[in-house]
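Enquirer: With the input below, show me the fold.
(one chain, ligands or ions: 1)
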Amino acid sequence: MIEKSRLLIATTNPGKQREYRALLRDVPAEIVFPDELGIMLEVEEDGATFRENAVKKARALMRASGLISLADDSGLEVDALGGEPGVRSARYAGPGADDPKRRAFLLGKLLGVPAPRRARFVCVIAIAAPDGAVEYAEGECRGEITFGERGTNGFGYDPIFQLEGRAVTMAEIPPGEKNELSHRARAARAAVPILRDLYSGRGKT
Ligand code: IMP
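Expert: Residues are numbered from 1 along each chain as shown. Take a look at the predicted model:
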């Protein structure tokens with residue numbers, strides 16, 4: 001029998017766990033995380049798309065737990081680079097590079113490219129149910145790549161990503177505000193009706 005009272009979310013990052021708990025508070029399920037269940041999974045994110053990576057993680061967790069499982073994958077797409085770094089966002093600039101190196105690498109790739117250097121953060125959520133059904137939710141946050149770093153909040157590419165229609169980077173806004181407008185927050189909000197349907201029995205499972 002499919003257990004329909006708990007939702008397993010594929011993150012062990014405490015910040016993301018708090019964010020998901022808040023964003024999914026209206027889902028009629030108990031939210032649990034892999035560490036709470038003693039599940040330790042290393043899933044290689046080798047897909048060609050955010051969807052492939054997200055569903056690979058969600059399915060692996062669902063098989064390990066028997067629970068409806070949610071996983072996300074996210075990254076930065078820059079128009080002038082044909083959508084790069086995309087699914088390679090975390091590995092851009094090679095193995096061993098850290099966030100500052102990846103930002104410098106990206107700025108280097110854009111040398112000579114005039115403003116506006118349009119870009120978007122993308123997040124894809126996959127929800128895998130034990131009967132094999134998979135649902136997706138997506139969110140994006142539009143902006144442009146700056147010519148230098150600004151701000152110290154956030155992580156990853158935040159200090160070089162200026163929000164559309166605003167004069168601030170993602171690293172210059174307070175964390176609470178980022179959690180409202182981020183690609184992840186938008187994808188999570190799009191996932192809420194899907195999850196409500198699943199847990200109320202009106203979904204595909
Ligand atoms: P993941 O989906 O959390 O594994 O993120 C993949 C990579 O995309 C991260 O390592 C970052 O380089 C980049 N990224 C994803 N979300 C954000 C964000 O909110 N701010 C800055 N960089 C991000």
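
Enquirer: Dump stretch 32-45 to PDB, restricted to CA.
Expert: Written as PDB, here are the backbone C-alpha positions of stretch 32-45 (Å, rounded to 0.1, in the frame of the first residue of the first chain):
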ATOM      1  CA  VAL A  32      10.500  14.400   6.400                       C
ATOM      2  CA  PHE A  33      14.100  14.500   5.200                       C
ATOM      3  CA  PRO A  34      16.500  11.700   4.300                       C
ATOM      4  CA  ASP A  35      18.700  12.300   7.400                       C
ATOM      5  CA  GLU A  36      15.700  11.800   9.700                       C
ATOM      6  CA  LEU A  37      15.000   8.400   8.100                       C
ATOM      7  CA  GLY A  38      18.600   7.300   8.100                       C
ATOM      8  CA  ILE A  39      18.700   7.400   4.300                       C
ATOM      9  CA  MET A  40      22.000   8.400   2.800                       C
ATOM     10  CA  LEU A  41      21.900   8.500  -0.900                       C
ATOM     11  CA  GLU A  42      24.600   9.900  -3.300                       C
ATOM     12  CA  VAL A  43      22.900  10.400  -6.600                       C
ATOM     13  CA  GLU A  44      25.100  11.600  -9.400                       C
ATOM     14  CA  GLU A  45      23.700  14.600 -11.200                       C
END
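
Enquirer: Okay, buried residues for that stretch please.
Expert: Along stretch 32-45, these residues count as buried under the neighbour rule (16 or more other Cβ atoms under 10 Å): 32-34, 39, 45. C-beta coordinates here come from the backbone N, C-alpha and C atoms, glycine included.

Enquirer: Farthest-apart pair in those residues, please.
Expert: Spanning the widest gap among these are 32 and 45, at 22.1 Å by Cβ to Cβ.

Enquirer: list the contacts for whichever residue of the chain sits closest to the ligand?
Expert: The nearest approach of the chain to the ligand comes at residue 156, 2.4 Å away (Cβ to the nearest ligand atom). Applying Cβ atoms under 8 Å, 6 or more residues apart in numbering, we find residue 156 in contact with 76, 89-90, 99, 102.

Enquirer: Sweet, I'm off.
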